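In: coords please:
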Amino acid sequence: MTFLSFLSKADFVASVVINAIVLFVSFSAYRRTSLPAFAFLIWGSLLGIILEMGIHLRTPTSPDDAVSFHEWYRVGFFAATILWGIGIFQLVRYVRREFERQSPPNQSPEPL
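Out: Residues are numbered from 1 along each chain as shown. Below is the predicted model:
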């Protein structure tokens, strides 16, 4: 096993595991709170897992097939990144509003 193949397998495992953790935690949080931020994180994580499985299991049959696959992979990666970004942005806004509501003006909130 070369170092590059080791890094490829480690990247695959880390990406799928992290996406799965975020998926399960976000799904549980969404059921409890119904915040749209968690829905965006769910869809971003699900798309991330699908993309990682596709890139790991792909077997291109021709150069045109490989190019087409990578184009669709990049579009999916872009969409997953946007979904994650929207979810995190909404979550941060929600937490900031909660802290501002609970702490008086000119006083920093208690650390978590």
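In: And the helices in the chain?
Out: Here the chain has its helices, by DSSP state H, at 3-33, 36-57, 63-102.
In: Buried deepest among these, which one?
Out: Stretch with highest mean neighbour count among the helices of the chain: helix 36-57 (a mean of 18; mean count of other CB atoms under 10 Å). To be clear about C-beta, it is placed using only N, CA and C from the backbone, and glycine gets the same treatment.
In: avg pLDDT for it?
Out: The predicted model assigns helix 36-57 a mean pLDDT of 95.
In: likewise stretch 5-12?
Out: What stretch 5-12 shows for mean pLDDT is 91.
In: can you list contacts of that stretch?
Out: For stretch 5-12, contacts defined as CB atoms under 8 Å, 6 or more residues apart in numbering pick out 52, 55-56.
In: and which of those is nearest A39?
Out: Closest approach to A39 among the contacts of stretch 5-12 (CB to CB): E52, at 20.6 Å.
In: related to what we said a few turns ago, mind putting the contacts of stretch 5-12 into TSV with distance to P36?
Out: Output for these, formatted as TSV (distance: CB to CB, whole Å):
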residue	distance to P36
E52	25
I55	29
H56	30
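In: For Q90, state which of these is nearest.
Out: After measuring those against Q90 - CB to CB - the closest member comes out as E52, at 24.2 Å.
In: who are the neighbours in contact with the closest one?
Out: E52 makes contact with 12, 15-16, 19 under the criterion CB under 8 Å, 6+ apart.
In: do the same with A79
Out: Residues in contact with A79 (CB under 8 Å, 6+ apart) are L47.
In: Quick check: A39 vs I86, distance?
Out: Counting by CB to CB, to the nearest Å, the gap from A39 to I86 is 10 Å.
In: Save the contacts of E52 as JSON lines, and put in distance to V25 too.
Out: Output for those, formatted as JSON lines (distance: CB to CB, whole Å):
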{"residue": "F12", "distance to V25": "21"}
{"residue": "S15", "distance to V25": "16"}
{"residue": "V16", "distance to V25": "15"}
{"residue": "N19", "distance to V25": "11"}
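In: No further questions, thank you.
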